[in-house]
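> Structure for this input, please:
(2 chains)
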Amino acid sequence: MSDTKEKPATAEFPPPVKWVDDRLGIGKLGRKNLRKVFPDHWSFMLGEIALYSFIILILTGIFLTLWFKPSMAEVEYQGSYSLLKGLHMSEAYASTLDISFDIRGGLLMRQIHHWAAVLFIAAMMVHLLRIFFTGAFRKPRELNWVIGFGMLFLGIIEGFIGYGLPDDLLSGTGLRITQGMIQASPVVGTYMSFFIFGGEFPGDDFVSRFFTVHVLLIPGLILALVTVHLFLVVYHKHTQYPGPGRTNNNVVGYPLMPVYMAKAGGFFFVVFGITALMGALLQINPVWLYGPYNPAEVTAGSQPDWYMGWLEGSVRIMPGFESEFWGVTLSWNLLIPALIIPPAFVTLVALYPFIEGWITGDKREHHLLDRPRNVPTRTGIGAAFITFYGLLWIGGGNDLIATHFGVSLNSVTWFLRFAVFLGPVLAFWVTRRIAISLQRADNERLLHGLESGIIVRSPDGSYSEKHTPISNYEAYELTARDRLVPYEVGPETDDNGVRAPRRALNKLRARLSRFYYADAVQKPTAAEIEEAHSHGHDDDLHELTDSDNFHEITPDRH
Amino acid sequence: MSEKNLPVKADDGDHGAVEVAEPIADPGLEPHEYRIQDIDPKAADRVERQVATMFTLAGLLSLGACVAYFAIPRDATLVFGPLSGNANNMTLGLTLGLALFLIGAGAIQWAKKLMVDTEVVEYRHDANSSPEQKADIIGGFQEGVAESGFTRRKLIRRSLLGAMGLLGLPAIVLLRDLGPLPGRALYNTIWAKGIRVVNDVTDRPIKPSDLIVGQLVNAAPANLAPLQEESAVEYQNAKAKAAVIVVRIKPSEIRTQAGRENWGVDGILCYSKICTHVGCPISLYEQTTHHVLCPCHQSTFDLADSAKVVFGPAARPLPQLPLAVDSEGYLVAQSGFTEPVGPSFWERG
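Residues are numbered from 1 along each chain as shown, chains lettered A, B, ... in the order given. From the prediction side, this is the model:
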């Protein structure tokens, strides 16, 4: 950053800014951050989408609270939607109908709110995948990974409670399922259920209770976590992809003021604009079609919002196991798919940075991102996770798959019962092999250059293809990564013959580390590159140069 | 940035750690290339006009949104072939959405095309504190601890920790009144001896002759409807447990469970409608197989065989309600359910 302009000898803020600065010292804060540098890459805006949809959710949510009545008191509907006129329903449902039909802009805000919620969770998930596959969670950012994961978790609960509030038939069905799971939990299940719902299901408490959780508790927690999350992004500075001039101890990009203020600020309006257009054109959660909640009714093909689908699938494909012993009932058919697998999966993902850090023994700070292909095992693990999640998610729609594709529901379910175990393993190996192949292709490109498509025939009749060498910048970019060396167990005993502590644990760690790194293709050494290039120079046929004349025939090949 | 965090060597060995700049030396940032707008003022002016046009249109669309709000009746409908929508919602959303979008698109265009696009380099700092800072804070902390006597005065320390720990108890106890204790609530429904089975839409009692073979009727106890007048919540809670299905099957196809020989009336059987998995009302009946399927998780029960589970995640058959006919010829319950209805629970046994 070369500052050619003279700085004024004495400078003073304009009066209003001075007033604030005199009290808050905002100049000190701004000095450091006004021109803060952010690197540029499309994948860095995924988190932004999540942040912006959260802001949109708050704005539209406030609008909705002005009319929504979080009460389960029974009323007779007298609004303008004639098909439900005169029906008994809860105030919550009636006020949702009012927002949809009698408040101008109400339906729009409801639909923007719901679309933004769906987008919020989708954006967080894709952002999480980006962080995972590029290794951005490594030291010093492990805690920010956990915080981000916490927000995703809270966001899912928030979304689920949110679509439970209108008290329509679909939301009631979702709550009934949740209540059934709570009730079937071991030991405390019935008590939990009675305390959460204020007695038997459905009762008349949950809408007002869930409303407070939905508009105050969880948004407050998410807001606090967002603040810490962003503070840490500023503190750690953003990661960047490796490339010429981009090192582990700098950050290259454009300044916040003005470029990112305009780009990121503008992007907020783009996201808001798109959700508003979706709210205008794409119907979502038309509660008036479902009718008020009735515990004796349900719609075939009931589906939760997309992010609940994997839990739904987990419950659907589980066989019906239940044990009765010592006068109690243990519902494995709910315990395993709802209370064991999802928390275990979620915990594993949340702790992944620490697990990988321990296995690789890598304690350095990382600010340069990995290309997914360059860490084949991690990329494979990511693919396995996605496959597991995806198969459970498909399970959540097993009935719709059966009816839409004309296959047997039972076959779909049985297929998934095995596929959730085999699919991830298969995905792991395939992805890992693809990553390794891509690494080989990179090395090939580095050592021998690009295929030019020009085939040359030598005087003795053999054919070969000319290669164009890649630029030094690209060559650097391809090699700007670590050489991955597996963790090794030290000698069994030290110099004094004392056995090293935690021998078994270290052996396990070394084995895991070999599994992580051993098959990855290392980048070539300087000598190998030199060798490959000199080979190219010896052989005029091999390398395409500017002075190349296609008619020239060199006779000294073989 | 201190030495140890540079990508040269790990601080505890040589695993996972090799110089990044090897085997090719870092050539430094690629030279900046000028854009056409940087060189040709006309091109720059063109971009300015684009951006200004987007901003102007956005302003006009905001006004348009206000017009749409007042001018378009809230029950007007727009129809495009097979698609239709509320006109007020659509015009309001389109104008607002486009206004927002154009403000964003204009700002991004401005940033990408006109703002200076030379890359700037900023250096990173260690995430951890410097040794001096560490020494400072450790010194300060130890002084504070010593001055408070926290480690020395064990009595204070332990009694304080105890007091703080016990504060957790009232915090939990205060939540006690969130709901009543379960008691026997989950074991009972409002079904009892002699309660008539009524159609759950018409509330009319059912005679065996009303049902033909293969028919399934959603039903409720006759004492449910009067509850609605008394208390809406009692009504909903009772309904959530008492809903039943009444089905008529050819007697020769029924496999009666021992002890349930007289629970049906001429092949008419009555089962709880509440799924034993997580409590959805089961509703999809297939006449030819006598299977009923829960639309939530696809548990399938065979109504001709005591509603045993034939597929899906449910573990228990649907509870059966013993039926009889009263003096006027209507279907009534012989008793309440003989086991709890709905999802399993721990104490169920």
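> Reduced to three states, what does whichever residue of the stretch 151-300 of chain A sits closest to chain B come out as?
Proximity of the stretch 151-300 of chain A to chain B (C-beta to the nearest C-beta) peaks at residue A:280, 2.2 Å away. Using the backbone N, CA and C atoms, a C-beta is placed for each residue, glycine as well. Three-state assignment for residue A:280 (DSSP: H, G, I helix; E, B strand; the rest coil): helix.
> pretty sure it contacts residue B:86?
No: in this structure residue A:280 lies outside contact range of residue B:86 using C-beta atoms under 8 Å: 9.5 Å.
> picking that back up, residues in contact with the residue of the stretch 151-300 of chain A closest to chain B?
Each residue near residue A:280 by C-beta atoms under 8 Å, 6 or more residues apart in numbering or on different chains is listed here: A:108, A:111, B:89, B:90, B:92, B:93, B:94, B:96, B:97.
> and if you look at residue A:316?
A:395, A:396, A:398, A:413, B:297, B:298, B:312, B:313.
> ok, for the fifth one, nearest residue in space, not its chain neighbours?
What that stands for is residue B:297. Distance criterion C-beta to C-beta, 6 or more residues apart in numbering or on different chains; nearest residue to residue B:297, sequence neighbours excluded, is residue A:316 at 4.7 Å.
> on that earlier part again, which of the contacts of residue A:280 sits closest to residue B:213?
residue A:111 (47.3 Å; C-beta to C-beta).
> For the spatially closest residue to the closest one that is not a sequence neighbour, give its distance to residue B:96.
Nearest residue to residue A:111, sequence neighbours excluded (C-beta to C-beta, 6+ apart): residue A:279, at 3.7 Å. For residue A:279, the distance to residue B:96 equals 9 Å [C-beta to C-beta, to the nearest Å].
> who's more crowded, these two?
Between residue A:279 and residue B:96, counted using other C-beta atoms under 10 Å in any protein chain shown, residue A:279 has the larger neighbour count: 30 against 26.
> Wait, that one touches residue A:117, no?
No: at 11.6 Å, residue A:279 does not count as touching residue A:117 under the criterion of C-beta under 8 Å.
> picking that back up, shared neighbours of residue A:279 and residue B:96, which are they?
What both residue A:279 and residue B:96 touch, as defined by C-beta under 8 Å, 6+ apart, is the set residue A:108.
> OK, now which residue of chain B is nearest to chain A?
For chain B, C-beta to the nearest C-beta, closest residue to chain A: residue B:93, 2.2 Å.
> Next, count neighbours for that residue.
28.
> One more: residue B:333?
What residue B:333 shows, counting by other C-beta under 10 Å, is a neighbour count of 23.
> Please determine whether stretch B:234-244 lies in contact with chain A.
Yes: counting by C-beta under 8 Å from any C-beta of the partner chain, chain A has neighbours in stretch B:234-244: B:236, B:237, B:239, B:240, B:241, B:243.
> Quick check: mean pLDDT of that stretch?
If you average the pLDDT over stretch B:234-244, you get 95.
> again, but for stretch B:262-270
Stretch B:262-270 comes out at a mean pLDDT of 94.
> Can you give me the first-to-last residue distance of that stretch?
12 Å (C-alpha to C-alpha, to the nearest Å).
> so what does whichever strand or helix holds the residue of chain B closest to chain A touch, helix or strand wise?
Secondary structure from DSSP states H and E places residue B:93 in helix B:87-113. When contacts are defined as 3 or more C-beta pairs under 8 Å, 6 or more residues apart in numbering or on different chains; DSSP states H and E, helix B:87-113 packs onto helix A:106-133, helix A:261-281, helix B:41-71, strand B:77-80.
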